[in-house]
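>>> model this:
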Amino acid sequence: MLVDPSVPAQTYVEDCEVCCHPIEVTAEADGEAVTSFRAEQLE
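Model prediction:
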């Protein structure tokens, strides 16, 4: 998964490349570094 560090806080849904189930991705960044990342399968 690619995360754009120019966006300080982001949440989006992406389909898994393997099983095609939706995954909710939440990431936070500070400058060029990702400080928090979470990916959870949606049901």
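>>> Val13 sits in which helix or strand?
Taking DSSP states H and E as the definition, one finds Val13 inside strand 9-15.
>>> what's that strand packed up against?
Other elements packing on strand 9-15 under the criterion 3 or more CB pairs under 8 Å, 6 or more residues apart in numbering; DSSP states H and E are strand 22-30. (Each C-beta comes from the backbone N, C-alpha and C, glycine too.)
>>> and the angle from the strand it packs on to strand 9-15?
Relative orientation of strand 22-30 with respect to strand 9-15: 150 degrees, computed using axes from the mean of the first three to the mean of the last three CA atoms, to 10 degrees.
>>> what are the buried residues along strand 22-30?
Of the residues in strand 22-30, those scored as buried under the neighbour-count criterion (16 or more other CB atoms under 10 Å) are Ile23, Val25, Ala27, Glu28, Ala29.
>>> partners of the residue nearest the centre of the chain in the sheet?
Of all residues in the chain, the one closest to the mean position by CA atoms, centre = their mean is Val25, 3.1 Å from it. Partner residues in beta bridges with Val25: Tyr12, Ala39, with DSSP bridges as the criterion.
>>> make 39 the starting number, not 1.
Fine by me, first position is 39 from now on; the one you just mentioned is Val63.
>>> for it, what are its contacts?
Contact criterion CB atoms under 8 Å, 6 or more residues apart in numbering gives Met39, Val41, Gln48, Thr49, Tyr50, Val51, Glu52, Phe75, Arg76, Ala77 as the residues in contact with Val63.
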